[in-house]
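J.: Structure for this input, please:
(one chain, ligands or ions: 1)
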Amino acid sequence: MHPAIAPGNIAVVTGAANGIGEAAARRLAGEGMRVCLADFDAERLARVQADLGDQAIAVTLDVSDRAAVEALAREVADRLGRVSVLMNNAGVGGGGDALSNPDGWARVLGINLMGVLHGVQAFVPGMAASGAPGLVVNTGSKQGVTMPPGDTAYNVSKAGVKALTEGLAHTLRNSDGCQVSAHLLVPGFTYTGMIASRIPERPPGAWTPEQVVERMLEGIGRGDFYLWCEDNETPRAVDEKRVLWSAGDIVENRPALSRWHADWKARFDAYMAGE
Ligand code: NAI
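T.: This next block holds a predicted model:
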């Protein structure tokens, strides 16, 4: 286990009332950490906090509100102390394509991208300056890497989280005396609150949030930056080919998102089949 994850150390998890964030908070508490659960769903948050008892505090907030996240950092410092693990995980879907839903775009970018930036800027300078081991995990998505058409706003937000976290990792590793590292969690299809609102039972293709957290901890233990998760329908080898095809759009001068372009479908299918 990474030295930041140790009994008595402090973790802050956003989006901790449900899904991957809840599973991470429970697991980190299981490792003996004291956990600040942050979410805007006060009711569910209170239930998770009640289960974790004295090991957890709960703070209701909207991560898209910079002042609220800064206030969270002050509250955590006052009530718990120095933060060792920060997981910027709160996220939502439902943005829209390039020509639709301006309000949805603002909401998705405000929560998924600016919410992560707010967490990074409120917590990481103090974590880095402490000289103690620390971890920052930001939750991205494969959609921020391969950009499937549909919810373009979500893709933009998650591509932004990838770029932000890569830049943060570079900055931290070039900061004298800093023992904090940044990591990008890339879940596969995971059965969480986000999915349960549309599908009543876990589809066989989906991982549980606990599986994602297990993979996250394995990757952190190895020192991986990309905490890449597969699921029960997409093995890693398939993801790797999709990522390479996506990068190949530039190198091969193909049209944007050629994977979903009618003229390129047969070539993409042949490539995936190894032809
Ligand atoms: P979830 O809906 O179960 O959990 C998300 C949590 O974030 C909820 O408790 C929600 O109340 C909270 N939240 C939403 N907006 C917030 C805000 N403005 N301020 C504070 N809290 C807020 O969903 P899930 O799947 O656990 O999502 C966690 C992260 O994983 C998200 O960033 C999501 O984009 C990402 N992800 C999920 C995948 C999946 O298949 N479930 C796949 C790839 C990425």
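
J.: near the ligand at all, the worst-scoring helix or strand of the chain on mean pLDDT?
T.: Lowest mean confidence among the helices and strands of the chain (mean pLDDT, DSSP states H and E): helix 193-196, at a mean of 88. Yes. Applying CB under 6 Å from any ligand atom, one finds helix 193-196 touching the ligand at Gly193, Met194, Ile195. The C-beta positions use only the backbone N, C-alpha and C, and glycine is treated the same way.

J.: got a pLDDT number for the nearest residue to the last one once chain neighbours are set aside?
T.: Nearest-residue entry for Ile195: Ala206, 6.8 Å, with adjacent residues in sequence omitted and distances by CB to CB, 6 or more residues apart in numbering. At Ala206, the model reports a pLDDT of 96.

J.: just to revisit the earlier point, quick one: the residues of helix 193-196 next to the ligand as JSON lines, columns for neighbour count too.
T.: Shown next, in JSON lines, are the residues of helix 193-196 next to the ligand (neighbours: other CB atoms under 10 Å):
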{"residue": "Gly193", "neighbour count": "16"}
{"residue": "Met194", "neighbour count": "16"}
{"residue": "Ile195", "neighbour count": "15"}
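
J.: closest to Gly95 among these?
T.: Met194 (13.1 Å; CB to CB).

J.: If I follow the layout properly, the residue nearest to Ile195 ends up in contact with Asp231?
T.: Yes. Counting by CB atoms under 8 Å, Ala206 touches Asp231, with 5.9 Å between them.

J.: what sits in contact with each of the two?
T.: Phe189, Thr190 (CB atoms under 8 Å, 6 or more residues apart in numbering).

J.: Against which helices or strands is the host helix or strand of Arg74 packed?
T.: According to DSSP states H and E, Arg74 maps onto helix 66-79. With contacts defined as 3 or more CB pairs under 8 Å, 6 or more residues apart in numbering; DSSP states H and E, the packing partners of helix 66-79 are strand 10-14, strand 34-39, strand 56-60, helix 115-129.

J.: what is the orientation angle of the longest one with helix 66-79?
T.: So that's helix 115-129. With axes from the mean of the first three to the mean of the last three CA atoms, to 10 degrees defining the directions, helix 115-129 sits at 40 degrees from helix 66-79.

J.: what's next to helix 115-129, contact-wise?
T.: Here helix 115-129 has contacts from 12, 14, 63-66, 69-70, 72-73, 76-77, 82-84, 86, 88, 90-91, 134, 136, 138-139, 161, 164-165, 168, 172, 175, 178, 180, using CB under 8 Å, 6+ apart.
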